[in-house]
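K.L.:
Have a look at this prediction, sequence included:
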Amino acid sequence: MALLTGTHAFLEMLRAEGVKYIFGNPGTSEAAIMDALTNYPDIEYILVVQEGIAIGMADVYARASGEVGFVSLHIDNGLANAFSLLADSKYAGTPLVVTAGNKDVRKLAEGRSDLARMAEPFCKWSVEITHPDQYPSVLRRAFQEARTEPTGPIFVSFSGNSLDGTTDQAVFPSSRNIALPEPSGKAVREAANLLKSARSPVMLVGNRVGKYGAVGEAVCLAEQIGAAVYGHTSTQVNFPTGHPQFLGRLPWSSVRTKPIREKLEPADVMLAVGCPVFADYFYLAEPVIHEEAALIHIDPNFGEIGKTEQPDIGIQAAPASTLALLTAELEAGMTPLEAETAAARKKQITMQSQAQQNEFMQLAKSQRQQTPMGVAAAMQAIAEAMPSETLVFDDSVSTSGLFHAAVKFNQPGAYYGAIGGAIGWGMGGSLGLKLARPDHPVLTIVGDGSAMMTVQGLWTAVNSKIPVVYLICNNASYRVLKINMNLYKEAILGQTNRPHQYQNMDFPVPFDFAAIGRAFGARGVRIERVQDIGPALQKAIQANEPAVLDLILDGSL
């Protein structure tokens, strides 16, 4: 094996792993890498001017492409700036490898940060390379760990001296030929027996349904048993949202609050697939599943099964094959009466779904002339103007429920959403989506508070010529905080009176996103009438360049 510097061993490993994009913001600690990149034209460095943009781009690129996202940051300062979104990536299990250069190991007496320890709370594995021989083996393990269940971010720092030294270690990629476990026949039969006798089955679907290609199997099973279907921590297409049995997404912050518990209370068998059971923010002692109900939990991530709620049947296995086996078992074993009962449930759920849609359409119609624009009317105008092949990144925060009522996503990969409690996803996430799926128009719908966290992403969009259309929901407030304040008062304090005013949750000095967009070199348009949304959106998509549509919305609760 020819001698390589640590720098070239690093870049050769990225090439071996198939890395197309480095999302990064370099520092002096990355000087050797930036200099050597001229010899690697097949690896494109996407420059960001704020570290959260790099995490957002890499996260959504990984989710949409199926590859491991790669991020390059710099020393302790740059790394620390990434933690707000990296925490969400860990929670969501996004396969990322994040790197940062560090000082030479001989600078210990002068002060040298322990970057691996800094990143440890936010990553599945965190390590520092201090010798050039370590690059191939450490990076192989990093990529392997990132894509192996439970998937998640990996952090690798490297000392300055390790880049300049030489190594003769072999460079070859990590293995991708790792299969998920298959379910036991006994567990499948037991689960089928519970489902076929259920009076009111409810199905919860999460991101590991779509991630592992199990959407079609989820639909077949839901139709077979006549289940009501809800998304939970569902930020991509895990079940067609236009399907008549899909009744919406459960809010991650408030699953145990009374309205959600009442919605799920009729369930006598709950089937959770590829999602936590349950994820929420507020601590409430009330159970979501009543004592007589049974829980079946299917997940490739063993750590999720029984983490919060004890399942009657827990199956760590590939979602697609498990759901297919369950459907086959039910088709063979359901009696004519059980099949007829399931068909009757489907009709009832379809009526419930249609009633929800009719209610939304009535609300949208009533708001057509409202000023500032009513959210439902604005979202319906977007739905009517979007080309069918458009991909969406949803970071609309408090507007998200009405957006999904207006726009139905039936094809896997048609949309991705913000994945946790942090805001700031949309500005970078949509750029990662466009790079992963360049043949489709991409738009992001993003709240004004979230947009301002990472508004520097507009510079990257323009600089790297990534044609994304940003729809900014400008309601001049952190409206989601007001909603959660109300939940806190009602659920935790037992108070029904809402605040007369919400402290530090409004933006008295309004953001002019159209002007901000133009300042970065993007197309910028301010929109105050519902009738203007469609033409502006269509024009922006046709222009095929970065654009900001500043939607002035009613922010009242």
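P.N.:
All right, it came through fine. Numbering: from 1, shown residues only.

K.L.:
Any idea how many residues pack against residue 181?
P.N.:
Residue 181 is surrounded by 14 other residues when neighbours are defined as other Cβ atoms under 10 Å. For the C-beta atoms, the positions are set from N, CA and C on the backbone; glycine is no exception.

K.L.:
so how far is residue 469 from residue 289?
P.N.:
Distance, residue 289 to residue 469, using Cβ to Cβ, to the nearest Å: 41 Å.

K.L.:
neighbour-wise, which of these two wins?
P.N.:
For residue 289 against residue 469, the residue with the higher neighbour count under other Cβ under 10 Å is residue 469, and the figures read 28 against 22.

K.L.:
That one contacts residue 541, doesn't it?
P.N.:
Yes: under the criterion of Cβ atoms under 8 Å, residue 469 lies in contact with residue 541, with a separation of 5.9 Å.

K.L.:
where do the contact lists of the two overlap?
P.N.:
441, 443 (Cβ atoms under 8 Å, 6 or more residues apart in numbering).

K.L.:
so who does residue 478 touch?
P.N.:
Shown here is residue 478, whose contacts under the criterion Cβ under 8 Å, 6+ apart are 449, 505, 506.

K.L.:
Now do the contacts for residue 235.
P.N.:
Contacts here follow Cβ under 8 Å, 6+ apart; on that basis residue 235 touches 92, 207, 394, 416, 417, 418, 419.

K.L.:
For these, name the two members farthest from one another.
P.N.:
Greatest spatial distance among these (Cβ to Cβ): 92 and 394, at 14.1 Å.

K.L.:
Only the buried residues of the helix or strand containing residue 340, if you could.
P.N.:
Under the assignment given by DSSP states H and E, the secondary-structure element containing residue 340 is helix 336-366. Of the residues in helix 336-366, those scored as buried under the neighbour-count criterion (16 or more other Cβ atoms under 10 Å) are 338, 339, 341, 342, 345, 346, 349, 353, 360, 363, 364.

K.L.:
cool, stretch 135-151 as well?
P.N.:
Buried positions in stretch 135-151, judged by neighbour count with 16+ other Cβ under 10 Å: 135-136, 138-140, 142-147, 149, 151.

K.L.:
What mean pLDDT does it get?
P.N.:
Per-residue pLDDT values over stretch 135-151 give a mean of 97.

K.L.:
which other residues reach that stretch?
P.N.:
Stretch 135-151 is contacted from outside by 6, 9-10, 13-14, 17, 68, 93-97, 124-125, 127, 129, 152-154, 156, 158, 162, 167, 169-176, 178, 180, 300-304, using Cβ under 8 Å, 6+ apart.

K.L.:
Using the three-state scheme, assign residue 283.
P.N.:
The assignment at residue 283 comes out as coil when based on DSSP: H, G, I helix; E, B strand; the rest coil.

K.L.:
what number of residues lie near it?
P.N.:
8.

K.L.:
Residue 259 too?
P.N.:
Considering only other Cβ under 10 Å, residue 259 is surrounded by 11 other residues.

K.L.:
May I ask which helix or strand of this protein has the lowest mean pLDDT?
P.N.:
Among the secondary structure pieces of the chain, namely its helices and strands, helix 258-264 has the lowest mean (mean pLDDT, DSSP states H and E), a mean of 89.

K.L.:
Give the buried residues for stretch 184-197.
P.N.:
Within stretch 184-197, the residues that qualify as buried by neighbour count (16+ other Cβ under 10 Å) are 187, 188, 190, 191, 192, 194, 195, 196.

K.L.:
same question, stretch 517-537
P.N.:
In terms of neighbour count (16+ other Cβ under 10 Å), stretch 517-537 has its buried residues at 517, 520, 522-527, 529-530, 532-533, 536-537.

K.L.:
hang on, the earlier thing: now the buried residues of helix 336-366 in a markdown table, with distance to residue 453?
P.N.:
Formatted as a markdown table, the entries for the buried residues of helix 336-366 read as follows, by distance: Cβ to Cβ, whole Å:
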| residue | distance to residue 453 |
| --- | --- |
| 338 | 51 |
| 339 | 51 |
| 341 | 49 |
| 342 | 46 |
| 345 | 43 |
| 346 | 42 |
| 349 | 38 |
| 353 | 35 |
| 360 | 29 |
| 363 | 29 |
| 364 | 29 |
